[in-house]
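Novice: Build me a model from this:
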Amino acid sequence: MPLALYGHPFSSYTQKALIALYENRTPFEFRCIGPEHPDHVADWSARWPLRKFPVLVDDGLTVAESSIVIEHLQLRHPGPVRLIPTDAGAALEVRFMDRFFDLHVMAPMQAAVFGALSGDEARRRDGMAQAEDKLAIAYRWLDERLAGRVWAAGCDFSMADCAAAPSLFYADWTVAIPDDCPTLKAYHARLLARPSFARAVDEARPFRHFFPLGAPKRD
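Specialist: A predicted model of the protein is given here:
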């Protein structure tokens with residue numbers, strides 16, 4: 001049975017897993033979650049009742065949560081691009097940066113998105129205010145942390161960059177990375193140029209009208 005990934009092309013966490021698969025050209029079947037694929041929805045819901053994606057199925061084994069999916073791929077389906085270093089100290093930095101992007105970039109962005117999706121103007125304002133406050137702090141911290149680095153955790157592309165690419169992509173749509181964070185802006189540009197992420201961005205283009213805050217005409 002081939003690897004199967006359940007998710008949606010426009011989902012940031014699905015893109016995180018897709019980048020890892022594309023980096024190593026790992027063969028897999030993509031099973032899109034949506035009303036046009038009720039069989040995929042039913043199977044995904046049965047395998048993961050929390051109904052979050054992505055979910056990876058590997059020879060009958062269900063693997064949930066994007067970081068764990070990438071860790072699993074590293075263990076069971078390694079390729080030429082090692083996304084978690086063998087050195088324990090280097091691996092810890094990768095995992096830390098992975099969590100930073102998920103918790104302190106992705107989460108504030110999602111607060112603004114969920115506020116907009118609620119249809120309640122007060123919740124929309126509160127979500128955007130939270131995103132502006134949290135992302136301003138995260139952007140400036142990242143601008144300092146990334147100084148002298150090519151990728152999020154150093155010289156090598158890693159799981160941390162798989163997390164960074166979609167989180168910064170949608171966060172920048174929500175609250176633009178300011179010009180006084182040139183190191184972060186340059187890193188964001190490198191992510192956009194990375195073939196694995198460029199492919200994920202292109203595959204998600206037909207769904208940009210779903211972004212509730214309005215997708216900018218760039219990227």
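Novice: what ranges do the strands span in this protein?
Specialist: For the chain, applying DSSP state E gives strands covering 4-7, 29-32, 55-58, 61-64.
Novice: Make CSV out of those and add distance to Leu73, mean neighbour count and mean pLDDT.
Specialist: From N, CA and C alone the C-beta is placed, and that goes for glycine too. Putting the strands of the chain into CSV (distance: least, C-beta to C-beta, whole Å; neighbours: other C-beta atoms under 10 Å; pLDDT from 0 to 100) gives the following:
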stretch, distance to Leu73, mean neighbour count, mean pLDDT
strand 4-7, 10, 23, 98
strand 29-32, 14, 16, 97
strand 55-58, 8, 23, 98
strand 61-64, 9, 16, 97
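Novice: Reformat these as JSON lines; add distance to His77.
Specialist: Listed next are these as JSON lines, based on distance: least, C-beta to C-beta, whole Å:
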{"stretch": "strand 4-7", "distance to His77": "12"}
{"stretch": "strand 29-32", "distance to His77": "14"}
{"stretch": "strand 55-58", "distance to His77": "8"}
{"stretch": "strand 61-64", "distance to His77": "11"}
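Novice: what residues does stretch 79-89 touch?
Specialist: 20, 23-26, 70-71, 73-74, 91, 94-95, 156-159, 162 (C-beta atoms under 8 Å, 6 or more residues apart in numbering).
Novice: Pull out the buried positions in that stretch.
Specialist: Buried residues in stretch 79-89, counted by 16 or more other C-beta atoms under 10 Å: 82-85.
Novice: of these, closest to His37?
Specialist: Leu83 (28.2 Å; C-beta to C-beta).
Novice: looking at the strands of the chain, which is closest to Ala138?
Specialist: strand 4-7 (24.6 Å).
Novice: can you give me the offset of that closest one from its chain's centre?
Specialist: 14 Å (C-alpha atoms, centre = their mean, to the nearest Å).
Novice: and the closest residue to Leu191 other than its chain neighbours, what is it in contact with?
Specialist: Using C-beta to C-beta, 6 or more residues apart in numbering and skipping the chain neighbours, the partner closest in space to Leu191 is Ala165 (4.4 Å). By C-beta under 8 Å, 6+ apart, Ala165 lies in contact with 15-16, 19, 191-192, 194, 197, 200.
Novice: Repeat that for Tyr187.
Specialist: Taking C-beta under 8 Å, 6+ apart, one finds 142, 146, 149, 151-152, 164, 168 in contact with Tyr187.
Novice: Could you do Ala153 as well?
Specialist: Ala153 neighbours (C-beta under 8 Å, 6+ apart): 90, 93-94, 97, 160-161.
Novice: Can I get the residues you listed in JSON lines including neighbour count and pLDDT?
Specialist: Output for the contacts of Ala153, formatted as JSON lines (neighbours: other C-beta atoms under 10 Å; pLDDT from 0 to 100):
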{"residue": "Ala90", "neighbour count": "15", "pLDDT": "98"}
{"residue": "Glu93", "neighbour count": "16", "pLDDT": "98"}
{"residue": "Val94", "neighbour count": "25", "pLDDT": "98"}
{"residue": "Met97", "neighbour count": "24", "pLDDT": "98"}
{"residue": "Ala160", "neighbour count": "26", "pLDDT": "98"}
{"residue": "Asp161", "neighbour count": "29", "pLDDT": "98"}
